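In: next one to model:
(chains A and B)
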2 protein chains.
Amino acid sequence: MDGPTERAPLSADPLPASGAWRPGDLAAARRFLTIATDRPFALEGGGVLRDITLAFETWGTLDADAGNAVLVCHALTGDAHASGPSGPGQPTAGWWDGLIGSGGGLDTDRYFVVCVNVLGGCQGSTGPSSIDASTGQPYASRFPVVSIRDMVRTQAAVADHLAIGQWLAVVGGSMGGMQSLEWAVTFPDRSRSLVAIATTTAATAQQIAWSSVGRTAIALDPAWRGGDYYDAAPGDGPHRGLALAREVAQITYRTEAVFAGRFGRGVVDPMDDRFKLWQRFDVEGYLDYHGAKLVRRFDANSYLVINRAMDLHDLGRGRGGIDLALRRIQVPSLVMSISSDELYPPPQQQLLRDRLAAQGTPCQYQMIDSPDGHDGFLLETDQVAPPLAAFLADVEKHDA
Amino acid sequence: MDGPTERAPLSADPLPASGAWRPGDLAAARRFLTIATDRPFALEGGGVLRDITLAFETWGTLDADAGNAVLVCHALTGDAHASGPSGPGQPTAGWWDGLIGSGGGLDTDRYFVVCVNVLGGCQGSTGPSSIDASTGQPYASRFPVVSIRDMVRTQAAVADHLAIGQWLAVVGGSMGGMQSLEWAVTFPDRSRSLVAIATTTAATAQQIAWSSVGRTAIALDPAWRGGDYYDAAPGDGPHRGLALAREVAQITYRTEAVFAGRFGRGVVDPMDDRFKLWQRFDVEGYLDYHGAKLVRRFDANSYLVINRAMDLHDLGRGRGGIDLALRRIQVPSLVMSISSDELYPPPQQQLLRDRLAAQGTPCQYQMIDSPDGHDGFLLETDQVAPPLAAFLADVEKHDA
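Out: Just a heads-up that it's a prediction; the model follows:
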């Protein structure tokens, strides 16, 4: 108000309509597998896909008996690049770079680590921005709803391709933890253990609420065009909607205390002259930064699809409820919480631990003491590493 | 995805561009005062306004010595109708109906209760939807940024008009509490006491962050048109943006536990056939309901202006800091917290209590035990009433 001053634009350079990786871009460390070439892949929600490409990365060397393979599963806006630098074709450094590497908590001198970009994603795996061979056009609004189970079933195809009959462990945080739980329930014989961090057995009403407002933000952006925006001119994609979805999520990923300590009431735009509506406090500049950063490397439709998959996450669906589903998990489990996590609060993981313990499944539990909220699973690699390394070493000692 | 299914529309009937009350609508219980008719009202942020209308309501009878007057201050989307039914010209029942009334915690048989729609509001007081006499058009994008101090200074004009030299108490929760604190600091001699519930001495970075994403949601709606939408056809106002702002806020007003208990993973739209992107869980239906409800009675530009005033709230601005500002408060204070409030968490009110106590200001503190989060200050009137009634009775016993 008080004049037409608008919010600052997200970027000085016009951004492409989607931040997705496209075939023709540099592969960087990605490897690719195409499945469902002979017959369609039937999705849990009733849709079908053909010619599904899965982008994945690996680190380390697979043992002759394929007994040292660890699958790492990424969260909502992650990708297959869990470790390593950014560079051409790879917009981000590894999202678990502090954990995965030579001598790291997940030691690639010892383990063969695999990470697959999820089905529906936008960094090499088939998603809404991919070309539908049947039309020659991006799937866009025609991409089907996928579930965490669909993601896991496509990852199993990658395991087959790599001749990994049984993982030493499936490891993940947040949506990655949803996948590790689904792995253990869907394929009880295909992993020797399970590591689930800052996650839940079924998305709660509040988690769904947060997802929902993010989706609504994207749909509110006129540049989203019902999902059919891939032919938009640079600068004309649904950047503002995706950025807003990210800004909302970013607040839920951190905590009041961290924001207070880091930003307080500091200002980006001086307010001593005259108050204007769009002058920004430092915390607003931070949100803008994170929103603008995501739109450079992500696709709005992928955000919708993956975020919806998270809401649909329910280990008990079609299995007679969560307790019956969990009974399929007999392998040793390591469950971790982030002490300050308000989005996936510790009681949710403690309930999982209690249920596993009650049915006699060996279950370790570790609280990560962090002020950083949900993002602690990404940030506190120094605390995640020791219990993870000890757990994996312990699992290795037992016969496969 | 998976077909063009969109979110359900907010309303079956086309809504007017703004849910603001307009002159010509029924006054209902509103009374009006116009100020700044001779000379402009200089706002803290540098703007000026002329011919400011203030809509207010009163309940009870003012004593001959005007010693029983209590000012109640409303929160972000409240208005002057703090008590009484809804009806023609008044879209909502009183927002503190359970507290204010004959025999109530704020007993209108005993006290003369006043509530003023804030400057910048949309239920009778001058705000962005009001006609600017200098142009004959709504202020719209030209409405200046206002502050909590500006609101309080206009309320003082209402007190003058009613011949109330000194309030028995100024009472408010959330943004209403910001006003009660500003009253005590700006006009130390004009209130005999102060009641501040679920509020803060200065908006924190997280509170600003939540406000900011709400503003961004409104600005993302193409129907907002930079704030100049009042001539839009019915159905063409910034309803989706305002609704989204409300949906985000609504999540922060409640708690994970309340959502889990009330909604769980129940669904509005059956999902057993085929998963679609916009099928709604019950919690999404709830958010839609609250979004749609607000747009019927509120104005998007007022939301921007008032929400910005909350971010600018800082008792210490221009006063040498919060501690120096608080030294002006010497009157008895009652501070309350909501136990489950995650938006204005109890430590913020406890810090206020500690600061007041440390400087020798008589300060009572009451924790309201509620599962309902921030909205507990509106919902738990049965718990707010006893300490409030006892406090007011105690203040009355002492000489004015």
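
In: tell me where the stretch 201-350 of chain A has helices.
Out: A:205-220, A:239-253, A:256-262, A:282-295, A:300-312, A:322-326, A:346-358 (DSSP state H, counting those that start in this stretch).

In: can you redo the ones you listed as JSON lines with mean pLDDT and mean neighbour count?
Out: C-beta here means a position set from N, CA and C on the backbone, and glycine is covered the same way. As requested, the helices of the stretch 201-350 of chain A are exported to JSON lines (pLDDT from 0 to 100; neighbours: other Cβ atoms under 10 Å in any protein chain shown):
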{"stretch": "helix A:205-220", "mean pLDDT": "98", "mean neighbour count": "25"}
{"stretch": "helix A:239-253", "mean pLDDT": "98", "mean neighbour count": "26"}
{"stretch": "helix A:256-262", "mean pLDDT": "97", "mean neighbour count": "17"}
{"stretch": "helix A:282-295", "mean pLDDT": "97", "mean neighbour count": "21"}
{"stretch": "helix A:300-312", "mean pLDDT": "98", "mean neighbour count": "27"}
{"stretch": "helix A:322-326", "mean pLDDT": "98", "mean neighbour count": "18"}
{"stretch": "helix A:346-358", "mean pLDDT": "98", "mean neighbour count": "18"}
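
In: dump these to TSV, plus distance to chain B.
Out: Putting the helices of the stretch 201-350 of chain A into TSV (distance: least, Cβ to the nearest Cβ, whole Å) gives the following:
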stretch	distance to chain B
helix A:205-220	4
helix A:239-253	5
helix A:256-262	4
helix A:282-295	4
helix A:300-312	6
helix A:322-326	10
helix A:346-358	9
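
In: among those helices, which is nearest B:P91?
Out: helix A:205-220 (23.7 Å; Cβ to Cβ).

In: excluding its backbone neighbours, what's nearest whichever residue of the stretch 1-150 of chain A sits closest to chain B?
Out: As assessed by Cβ to the nearest Cβ, chain B sits closest to A:G45 within the stretch 1-150 of chain A, at 2.8 Å. Counting by Cβ to Cβ, 6 or more residues apart in numbering or on different chains, A:G45 lies nearest to B:F275, which is 2.8 Å off, once chain neighbours are set aside.

In: A:L304 too?
Out: A:L304's closest residue in space is A:R215 (Cβ to Cβ, 6+ apart), at 5.4 Å.

In: next one: A:D63
Out: A:F112 (7.1 Å).

In: could I get the helices of the stretch 201-350 of chain A as JSON lines with distance to B:W59?
Out: Shown next, in JSON lines, are these (distance: least, Cβ to Cβ, whole Å):
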{"stretch": "helix A:205-220", "distance to B:W59": "36"}
{"stretch": "helix A:239-253", "distance to B:W59": "38"}
{"stretch": "helix A:256-262", "distance to B:W59": "36"}
{"stretch": "helix A:282-295", "distance to B:W59": "39"}
{"stretch": "helix A:300-312", "distance to B:W59": "45"}
{"stretch": "helix A:322-326", "distance to B:W59": "51"}
{"stretch": "helix A:346-358", "distance to B:W59": "43"}
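
In: of those, give the one that comes closest to B:E57.
Out: Closest to B:E57 of the helices of the stretch 201-350 of chain A is helix A:205-220 (Cβ to Cβ; 33.3 Å).

In: all strands for chain A, in order.
Out: Under the criterion DSSP state E, strands of chain A are mapped to A:31-35, A:41-42, A:48-49, A:52-59, A:69-73, A:100-101, A:106-107, A:112-116, A:131-132, A:137-138, A:169-173, A:194-197, A:333-338, A:363-368.
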